[in-house]
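**Student:** next one to model:
(chains A and B)
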Amino acid sequence: MAKVLEGPGMGLMKKWGIHVPHYAVVTSADELAKLGHANDWMKHTKLVAKAHEALGSRFKLGLVKVGLDLSAAIAATKEMIGRQVGSITVSQVIVSEMVAHKEEYYCAVKSTREGSEVLVANCGGIEVESNWDRVKRLCLEVGQQPTAEALEKLVKDAGFTGPLVKKMADFAAKMFTCFDNEDAQYLEVNPVVIRESDGELVALDAVTLLDGDAKFRHPDWNFQFAAEFGRAYSRDEMEVMAVDSKIKGSVKFIEIPGGDTAMLPAGGGASVYYSDAVVARGGKLANYAEYSGDPPDWAVEVLTEKVCSLPGIKNIIVGGAIANFTDVKKTFGGIINGFRKAKSDGKLKNVRIWVRRGGPREKEGLDAMRALKDEGFDINVFDRNTPLTDIVDKALHKQ
Amino acid sequence: MSILANKDTRVVIQGGQAGVNAARRMAEFCYLIKRPLNVEAFVYPPDAGKTNEVPYGSGLIAIPVYKTIAEATKNHPSINTSLVYIGADRAMKGGMEALDDPHIKVVSMITEGVPEKDAKLLGAHARKLGKVFNGPSSIGIISAGSCRLGVIGGAFDNLVLSKLYREGSFGVVTKSGGLSNEIIWICSQFADGITTAIGIGGDAYPGTDYVSYLEMFENDPQTKAVVIVGEMGGDLEERAAEWYGAKKRRIKLIGVVSGFCQESLPKGMKFGHAGAKEGMKGEGSARSKSDALKKAGALVPATFGALGPAIKETYQELLKSGQVKEPVEPTVLPKLPKSVEEAMKADEVMVAPLIRTTISDDRGDEPCYDGYPASELINKGYEIPHVIGLLWDKRLISKQEAEIIKRIMMLSADHGPCVSGAYATILAACAGIGLSQSVAAGLIMIGPRFGGAVTDAGRWFKYAVDNKMNVDEFLAYMKKHVGPVPGIGHRVKSLRNPDKRVKELVGYVKSLNMKTPCLDFALQVEQVTAAKKDNLILNVDGTMAAVLVDLGFPVDSLNGFFILSRTIGLIGHWVDQKRQDSRLIRLFDYLVNYAAPKRREVPPLK
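**Tutor:** Got it, this is the predicted structure:
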């Protein structure tokens, strides 16, 4: 699931024939001023300026300004660019035309187990969120295209009447085509409005989630996916992502500020059980991490260095289930190198390390970990006979 | 009994190296349960027509590789299952090809990162055909005692520890690959082990979900209970709960779900498998899944750690009610043959080495010459002649000796294009032959008449000195037993036109404060021979030989000094010709004395 910002999201809709307001993504007020000279719509319509970043509640933060003329939009852009919100620095502003309208509607397409669902409501904006029962849906099997009749029926069921039935059905058809061809997982337009100037339905605001795994067949996806949790990635997170993109297997790392229990477990499944165990024991996670698929030892070493660099940590949980094909000795070799490096950099003071693992070459790997005791590490090593998450109990019990 | 995979399962593996690795793991399992290998064929177009070698016990089995599934099933009609190890961008095409083959009933996809739409299309296509599509991102399927598909179950030792050589009573379905092994292990320690364990993959929309497999387990009399390991995200666990609660089921259901930590994490922070994402309204949360399973009557331990005791409790009930009996463990299990390296490490085998070396070793992080690390030699100022000393004579020579060797090499590096060696190299270079072969052509010329007299000269001068011969005795001996004295005589140089290289070298060596018995003897020989004939002087080969014997180098290594130094020249000649883009050359007729019989008639064949 990969979130796409409004600019590229609107670009994809436009590509499939959905009307969107005029818009431009700018990185400076100067750029907007130059565009203002070249584009009539910027001069003749009221404008909206929004920070073009993966930020929630932009309205409250003052990062959405409406009803602007060009000079006010330039001023707003100047004010927004460079503003720091948490870990995100606003670097882009999207300026779009304000579309005069009266009625607001809702249309979405979402991925389901069987295929997809087309959702339509004859109310929009915040009204639809409080009246979810007014949303009508059309379920489609994967590979199945919605017929014009089915869409018209859906639109009628949602309460559309008269000439709007065909228009809204058309709009929904285009939404589906866009969804289907762009490997989307979620497309939502809220609101859909009738443009007073020509009576066309226009997508005013859009949420676009694409299937990142399908990127290989979309060479025109030249945009970056937005961070999914309302903040920018940190430098260490990006470094681990860069390693992850280069290797067989995977390494993952997400920082959680304020925690004191650092995680360095193996496996996408086990890692979450380890996190659960920490939370259940009243611990505070300092990060999420995971390595799997027999990654090279140097990649695990990089991940280990990042984990050891987390501030204020008291325990490191090097957990893992019984691996199928990840070489325990090799991957532990990477972890051990990372630990040694961290220690020689003066890190890991008063940090206790807890290890539990099984799998190919488990004995050699666990023995190597145990030997770290002789180098002055505070390390406790357990094998498959200790249940998976018991090391978390032991680590947090002692505190 | 088991589900999905059994003794009759015959497999085609689609893919390259990852597929071969899986086949190796599968062969280990087949060996453990004393059954023939269940992999019949590979489909991998780049290697079509070749075979993949799969170790089985101490032998190797050659498995054919085909271009298409149709070819594979035509040649191996017993194939009924396909494992897909193809890259994400081609996985759907490969999966469809397998599903469309009438022989194949089960397709399990191991590939990760398959687009969601592709996975759904594969799942829908399989359902339409009444087949099973498992995965993507599946670690595999294993039925204890009968069939392994993929790497699930891990290393051989783990197969034994987890008692996968015989059936138990527990079914296992997990999204996570690593946890499947963990649960199999727990079932073997807290209960009697598993019937079948299935990895359905961690994607949002796996081709086959818990419900389908629960239904199959319900119909498998051997399976008494099923453990499912779930994750937040999607509604698969809720659907499993719904199925379980819908009516009285024969099997017991035990379930755990991960993702409770999400409740105390910053909103929107998601991690784990692709499918691990909570819905916008809290549906798909670990809590809602756990609650649904509990409500349906499943046993839901509070934590993963409590899973073992929960499984034990279930097993004890099954024992008490007589539904299962304590299993009988086989007394002897096959042991996987160790590789020679492993056996040596464990001191279980002694191997007679094939070769013996006494000069160098590069098994560490850098080569050692006679025990000295190369980098340390460099850092302490040693040079090429010292390396020669170490590798040819196993000793660290002095600075003075190194200087003599350096001078010898510099004097012998090249002698123009006309001599046999250089001419051969140039001839080869002009014929477009590569560097190593052209240089080898030049080196082949080194022998008794060109450059190869150093060893022989050294041998005989040393013989004379060792036997305390005088010059007359020596010359008489040589005349009687050997022939012309090697190292004496020159085609162009003479007493009046001395070889400047010899003068230089002799002058330098004599200026040093070192004993040179061999060189002294050679010079005495020269005085006698040159007096008889003007060009019977000590030549450069003889001088080098005498000096090197005086330095203590073994006689058999002496030609090496000429070979090594002249190689510098030969490489130079090859590069020179190459740079000039020289054309093919041949002898001119006028350079040949045609002494063959004149043209004549061929008589009839008798």
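**Student:** alpha carbons only for contacts and neighbour counts from here, please
**Tutor:** Will do.
**Student:** ok, for B:Asp362, nearest residue in space, not its chain neighbours?
**Tutor:** Distances taken as CA to CA, 6 or more residues apart in numbering or on different chains put B:Cys368 closest to B:Asp362, at 6.1 Å, once the chain neighbours are dropped.
**Student:** the one you found and B:Phe561, how far apart?
**Tutor:** 22 Å (CA to CA, to the nearest Å).
**Student:** ok, the two, which is more surrounded?
**Tutor:** Neighbours were counted for B:Cys368 and for B:Phe561 using other CA atoms under 10 Å in any protein chain shown; B:Phe561 has more, 23 against 18.
**Student:** regarding the more buried one, what is its secondary structure?
**Tutor:** helix (DSSP: H, G, I helix; E, B strand; the rest coil).
**Student:** would you enumerate the residues in contact with the residue nearest to A:Leu209 when sequence neighbours are not counted?
**Tutor:** Of all residues not flanking A:Leu209 in the chain, A:Lys3 sits nearest, at 4.5 Å (CA to CA, 6+ apart). Shown in contact with A:Lys3 (CA atoms under 8 Å, 6 or more residues apart in numbering or on different chains): A:Thr208, A:Leu209, A:Leu210, A:Phe225, A:Ala226, A:Ala227, A:Glu228.
**Student:** now, those residues that are in strands?
**Tutor:** Counted as lying in strands by DSSP state E, out of these, are A:Thr208, A:Leu209, A:Leu210.
**Student:** can you name the residues that contact the last one?
**Tutor:** A:Leu210 makes contacts with A:Met1, A:Ala2, A:Lys3, A:Val4, A:Glu182, A:Asp183, A:Ala184, A:Gln185, A:Tyr186, as judged by CA under 8 Å, 6+ apart.
**Student:** what's around A:Leu366, how many residues?
**Tutor:** 20.
**Student:** can you tell me the element it falls in?
**Tutor:** Applying DSSP states H and E as the criterion places A:Leu366 in helix A:362-370.
**Student:** the helix or strand following that helix packs against which elements?
**Tutor:** Sequence order places strand A:378-382 as the next helix or strand after helix A:362-370, per DSSP H and E. Using 3 or more CA pairs under 8 Å, 6 or more residues apart in numbering or on different chains; DSSP states H and E, the elements in contact with strand A:378-382 are strand A:352-356, helix A:362-370.
**Student:** CA atoms only: put strand A:378-382 into PDB for me.
**Tutor:** Provided in PDB are the C-alpha atoms of strand A:378-382 (Å, rounded to 0.1, in the frame of the first residue of the first chain):
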ATOM      1  CA  ASP A 378      25.600  -7.800  28.900                       C
ATOM      2  CA  ILE A 379      24.000 -10.500  26.900                       C
ATOM      3  CA  ASN A 380      21.600 -13.400  27.600                       C
ATOM      4  CA  VAL A 381      21.300 -16.100  25.000                       C
ATOM      5  CA  PHE A 382      18.500 -18.600  24.700                       C
END
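**Student:** roughly how far out does it sit from the chain middle?
**Tutor:** How far strand A:378-382 lies from its chain's middle: 35 Å, per CA atoms, centre = their mean, to the nearest Å.
**Student:** partners of that strand in the sheet?
**Tutor:** According to DSSP bridges, strand A:378-382 forms sheet pairs with strand A:352-356 (parallel).
**Student:** any stretches of the stretch 351-500 of chain B with poor pLDDT?
**Tutor:** Applying pLDDT under 70 to the stretch 351-500 of chain B flags no residue at all.
**Student:** how near is the residue nearest to B:Asp362 to chain A?
**Tutor:** 25 Å (CA to the nearest CA, to the nearest Å).
**Student:** residue contacts, that residue?
**Tutor:** The contact partners of B:Cys368, taken as CA under 8 Å, 6+ apart, are B:Ser360, B:Asp361, B:Asp362, B:Ala374.
**Student:** give me the number of residues near residue 289?
**Tutor:** Using chain A. By other CA under 10 Å, 27 other residues sit near A:Ala289.
**Student:** that was the other one, I meant chain B.
**Tutor:** Using other CA under 10 Å, B:Lys289 has 28 neighbouring residues.
**Student:** and what of the one 4 residues further on?
**Tutor:** For B:Leu293, the number of neighbouring residues by other CA under 10 Å comes to 27.
**Student:** one more: A:Leu396?
**Tutor:** Residues near A:Leu396, counting by other CA under 10 Å: 18.
**Student:** angle of the helix or strand hosting it against strand A:378-382?
**Tutor:** In the assignment (DSSP H and E), A:Leu396 maps to helix A:390-397. Helix A:390-397 and strand A:378-382 meet at an angle of 150 degrees, taking axes from the mean of the first three to the mean of the last three CA atoms, to 10 degrees as the criterion.
**Student:** buried ones in helix A:390-397?
**Tutor:** Buried residues in helix A:390-397, defined by neighbour count with 16 or more other CA atoms under 10 Å in any protein chain shown: A:Asp390, A:Ile391, A:Val392, A:Ala395, A:Leu396.
**Student:** over to stretch B:159-166?
**Tutor:** For stretch B:159-166, by 16+ other CA under 10 Å, it's B:Leu159, B:Val160, B:Ser162, B:Lys163, B:Leu164, B:Tyr165, B:Arg166.
**Student:** how about the contacts made by the second one?
**Tutor:** Listed by CA under 8 Å, 6+ apart, the contact set of B:Val160 is empty.
**Student:** how close does whatever residue of the stretch 101-250 of chain B ends up closest to chain A sit to B:Met544?
**Tutor:** Proximity of the stretch 101-250 of chain B to chain A (CA to the nearest CA) peaks at B:Gly154, 3.6 Å away. The gap separating B:Gly154 from B:Met544 is 65 Å, by CA to CA.
**Student:** more neighbours, those two?
**Tutor:** Legend: neighbour count by other CA under 10 Å for B:Gly154 and B:Met544, higher for B:Met544 (31 against 22).
**Student:** surely that one forms part of a helix?
**Tutor:** Yes. Counting by three-state DSSP, B:Met544 falls inside a helix.
**Student:** my guess is it contacts B:Met410, does it?
**Tutor:** No. In this structure, B:Met544 is not within contact of B:Met410 by CA atoms under 8 Å, at 11.8 Å.
**Student:** what do those two both touch?
**Tutor:** Joint contacts of B:Met544 and B:Met410 (CA under 8 Å, 6+ apart) do not exist.
**Student:** can you map out the strands along the stretch 251-400 of chain B?
**Tutor:** Using DSSP state E, counting those that start in this stretch, the strands found in the stretch 251-400 of chain B span residues B:252-258, B:360-361, B:368-369, B:372-373.
**Student:** and those strands, which is most packed in?
**Tutor:** strand B:252-258 (a mean of 25; mean count of other CA atoms under 10 Å in any protein chain shown).
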